[in-house]
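Asks: Using only what follows, build the 3D model:
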Amino acid sequence: MDRAEVLAEVRAVAVEILDVAPEAVSPGARFREDLDASSLDMIELVMALEDRLGRRFPQDELASITTVGQAVDLILELNSMFDER
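Replies: Numbering: from 1, shown residues only. Below is the predicted model:
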């Protein structure tokens, strides 16, 4: 998956879970401040992305993710690690 495809997946899940407009889910959008995501929303978002992408996200890295772009970067990083194997 390339960056645009990953962003599209994150956008689709965010629209569904957070009930936001697709155009609001940009790389610079902050989950809590801009998309009004609660802690529970974030858990649901992570679980939905894990199911959709077939990947598990390292819990220690999730705490530092605040923007959509950072989430996309993490997914791309995980994908590249799995592709190298």
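Asks: Helices along the protein, start to end?
Replies: Along the chain, counting by DSSP state H, helices occupy 3-18, 39-53, 59-62, 68-84.
Asks: Return the most buried member of these.
Replies: helix 3-18 (a mean of 17; mean count of other C-beta atoms under 10 Å). All C-beta spots, glycine's among them, are computed from the backbone N, C-alpha and C.
Asks: from memory residue 44 sits against residue 14, does it?
Replies: No: if you go by C-beta atoms under 8 Å, residue 44 and residue 14 don't touch, sitting 10.4 Å apart.
Asks: how deep is residue 31 tucked in, by neighbour count?
Replies: Using other C-beta atoms under 10 Å, residue 31 has 21 other residues around it.
Asks: re earlier: can you check which of the helices of the chain gets nearest to residue 25?
Replies: Minimum separation from residue 25 across the helices of the chain (C-beta to C-beta) falls at helix 3-18, 4.2 Å.
Asks: neighbouring contacts of that closest one?
Replies: Helix 3-18 has contacts (C-beta atoms under 8 Å, 6 or more residues apart in numbering) with 1, 20-22, 25, 27, 35-37, 41, 44-45, 48-49, 52-53, 68, 71-72, 75-76, 79.
Asks: To residue 31, which of the helices of the chain lies closest?
Replies: Across the helices of the chain, closest to residue 31 is helix 39-53 (C-beta to C-beta), at 6.3 Å.
Asks: Run through this structure and note the low-pLDDT ranges.
Replies: 82-85 (pLDDT under 70).
Asks: at 90 what do you get?
Replies: 1, 54-63, 78-85 (pLDDT under 90).
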